[in-house]
Structure formats: C-alpha cells, structure tokens
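In: When you get a sec, could you give me coordinates for this:
(one chain, ligands or ions: 2)
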Amino acid sequence: MENKNFEEMGDSHQMTSLETPLRSDAFKKSDEEKIKAIQQHFSKIMEELGLDLTDDSLKGTPYRVAKMYVKELFMGLNPANKPKLSVFDNKYDYNKMLVESDITFNSSCEHHFLPIVGKAHVGYVSSGKVIGLSKINRVVDYYAKRPQVQERMSLQIFNELKEVLDTDNVIVVVEAEHLCVSSRGINDKTSKTTTIEYAGVFKDANTRNDFFKLMNPK
Ligand SMILES: Nc1nc2c(ncn2[C@@H]2O[C@H](COP(=O)(O)OP(=O)(O)OP(=O)(O)O)[C@@H](O)[C@H]2O)c(=O)[nH]1
Ligand SMILES: [Zn+2]
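Out: Residues are numbered from 1 along each chain as shown. Ligands and ions are numbered 1, 2, ... in the order given. Here you go, the predicted structure:
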C-alpha cells in the first residue's frame, strides 16, 4: 500500500505516538504472502515447543493461525480494510447527544498477544453531520483488530470519529478485560480497565454525566 492511499484513508502515515508502530514495508507483501510466511514461522514455534506436526489435529494449525492473524485478529493493521464510514447531513436537526453503548469488541494485547475483550461506549453531538450507527461499531472493530494497548485504541477511535463527523463533540469510554492480567501473570479474574477520552461539549461535567447515565441506564 502506498503512503498516498494510507493518507487518504485518514490513518495518517506520519509517525506519532497515536499510531500503531508499523514498518515502512508493512504492505509490500500481499495477505497470501504474509499467511505463507507466518505459517512457516509458526511451524517453527510449534516444533520448538516439541509438538509433532505430522499429527492429524496439529498439522493444519500453522496455516490456521497465520490466516487468523492476517484475515481476522489483525486485519485492522491494513488500511485497505478500513470500513467506509457513511456520514449524512443532519437534515432533521437532531442536536442533542447520540449514545451508542455496549459495543462489544475483541482485541489483542500487543505485549503478550492475548485477547482484550470488552465494550466501547461512544457519544457525540452533531456539528452538522451524522454517521450511520453501524459505522460506529465498525470503527471500534477496525481499531480493535490490531495488536493494541487500550489507551491507544481508545484514542484512535476517538480521533477517527472526530475527523469523520467533523466535530470535537465526541466521547469514548472503553471497558475491558485483559487476558494477560486475568489468565496468566497476576491471574486477577475480576479487575477491569477503563479508559476515557472526550472533547468539545463533553468537557462540561454535566454533559459527561448525562452521557454516563445514558451509557448505563440502570
Ligand atoms: N498500559 C497498558 N498496559 C498494558 C496493556 N495491556 C497489557 N499491559 C501491561 O503491559 C505490561 C508489560 O509488562 P512486562 O513487565 O514487560 O511484562 P510481564 O513480565 O509479562 O508482566 P506481568 O503481566 O506483570 O507478568 C504488563 O503490566 C501488562 O499488564 C494496556 O492496554 N495498557
Ligand atoms: Zn498483555
């Protein structure tokens, strides 16, 4: 993928701390070439672990893992997979808050390559544009499908929505369980991680509280 396309798709190629660190040759190989190479590397990992790759059940695993990485878990690394985000004019002049809550996502921790599972909650107040609801979920899914840290994922979603909606009036809350915390290491099954970013009208504490009530109406 050339830088031009990368830029057009809104995920600027300039290296800032907000971007997923990518090599400059990240898109030189096709998906199929990547799957083939990862398959070979993963076979080696399995062999080093002492596994017998002639076993019926294991022999397809290197290919399965490689395909899963490229086409599923890490598909959001490739800007070609960025969802088309339809926005419309706010003809009906709905000028209060819209809240899309409990957006489930599956991501992967970039430190351990273990799952991060959680929910994102998004609110915005239109400055003239509205977005198709499912596109909010698709933005979350796209940025989740990368090796991630939760802070960066939250900010990437926030920035994308601000840009596409052409407004500062956006708030993003992400709540997640990190399997690297719950299923290994410290093995804490109950802690969760919450991140929040907001701008525009959500700088006002009352507006934020309205969002929290709508996000969690119990
Ligand atoms: N800030 C942040 N940290 C994360 C996230 N996901 C995982 N981590 C942490 O990244 C850290 C990596 O620490 P290291 O000491 O290098 O790794 P480790 O030896 O496996 O650490 P333990 O998990 O404590 O066993 C751990 O504390 C993880 O909990 C995330 O989304 N955000
Ligand atoms: Zn981790």
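
In: Tell me how this structure divides into domains.
Out: Domain assignment for the chain, taken from automatic domain parsing, gives 3-81, 87-215.

In: okay, now residue 140: neighbour count?
Out: 28 (other CB atoms under 10 Å). (Each C-beta comes from the backbone N, C-alpha and C, glycine too.)

In: Can I get the helix or strand it falls within in CSV? Just the C-alpha atoms.
Out: According to DSSP states H and E, residue 140 maps onto helix 133-144. Provided in CSV are the C-alpha atoms of helix 133-144 (Å, rounded to 0.1, in the frame of the first residue of the first chain):
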residue,chain,number,x,y,z
LEU,A,133,-24.9,3.8,13.5
SER,A,134,-23.3,0.5,12.5
LYS,A,135,-20.3,2.5,11.3
ILE,A,136,-19.5,3.4,14.9
ASN,A,137,-19.3,-0.3,15.7
ARG,A,138,-17.2,-0.9,12.6
VAL,A,139,-14.7,1.9,13.6
VAL,A,140,-14.4,0.2,17.0
ASP,A,141,-13.9,-3.2,15.4
TYR,A,142,-11.3,-1.9,12.9
TYR,A,143,-9.1,-0.4,15.6
ALA,A,144,-9.6,-3.4,17.9
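
In: Mean confidence (pLDDT) on that helix, please.
Out: The average pLDDT for helix 133-144 rounds to 98.

In: Enumerate the positions of it that are buried.
Out: 135, 136, 137, 138, 139, 140, 141, 142, 143, 144 (16 or more other CB atoms under 10 Å).

In: Kindly indicate which of these lies nearest residue 27.
Out: Ranked by distance to residue 27 (CB to CB), the buried residues of helix 133-144 are led by residue 142 at 15.8 Å.

In: how much space is there between the closest one and residue 154?
Out: Counting by CB to CB, to the nearest Å, the gap from residue 142 to residue 154 is 14 Å.

In: Can you give me the neighbour number for the closest residue to ligand 2 within the chain?
Out: Closest to ligand 2 within the chain is residue 180: 2.7 Å, counting by CB to the ion. Residue 180 has 18 neighbouring residues, counting by other CB under 10 Å.

In: wait, is it part of a helix?
Out: Yes. Assessed with DSSP: H, G, I helix; E, B strand; the rest coil, residue 180 lies in a helix.
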